[in-house]
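J.: Quick check, what structure comes out for this input:
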Amino acid sequence: LDNEQYSHVKATILNSDPLPPLRRAFNHVLREEARFATDKEKGYRKSELGIAFYSSSGSRHKGRE
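T.: Residues are numbered from 1 along each chain as shown. Predicted coordinates for the structure are as follows:
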């Protein structure tokens, strides 16, 4: 786990006493990957909503200028 975004997962696993079984550690990494994917998708949705909002609000004011 050299990637900086996994530093929290790495620390959690390595600070466990005793170390968790490999299956549990791997599942922890998989959960983090799923969370990263969800956060990334939410970011795309927010930017799409912002673009849609900007487009719709801009079209309302075209006739008033």
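
J.: So which residues of this protein form helices?
T.: With DSSP state H as the criterion, the chain has helices at 7-14, 22-60.

J.: Lowest average pLDDT across these?
T.: Among those, helix 22-60 carries the lowest mean pLDDT, a mean of 75.

J.: ok, and the closest non-adjacent residue to residue 20?
T.: Distance criterion Cβ to Cβ, 6 or more residues apart in numbering; nearest residue to residue 20, sequence neighbours excluded, is residue 13 at 6.4 Å. For every residue, glycine as well, the C-beta is placed using N, CA and C.

J.: wait, what's in contact with the one you found?
T.: 19, 20, 25, 28 (Cβ atoms under 8 Å, 6 or more residues apart in numbering).

J.: Those residues, buried ones only, as a ChimeraX selection?
T.: Typed into ChimeraX, the line below selects the buried ones among the contacts of residue 13, using 16 or more other Cβ atoms under 10 Å:
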select :25,28
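
J.: which two in the contacts of residue 13 are spaced the farthest apart?
T.: Greatest spatial distance among the contacts of residue 13 (Cβ to Cβ): 19 and 28, at 11.8 Å.

J.: Now for residue 32: which residues touch it?
T.: 5, 6, 8, 9.

J.: again, but for residue 36
T.: residue 5.

J.: just residue 27 next, same as before
T.: By Cβ under 8 Å, 6+ apart, no residues touch residue 27.

J.: From residue 33, how far out is it?
T.: Distance, residue 27 to residue 33, by Cβ to Cβ, to the nearest Å: 11 Å.

J.: Equivalent analysis for residue 13, please.
T.: From residue 13 to residue 33 the distance is 14 Å (Cβ to Cβ).
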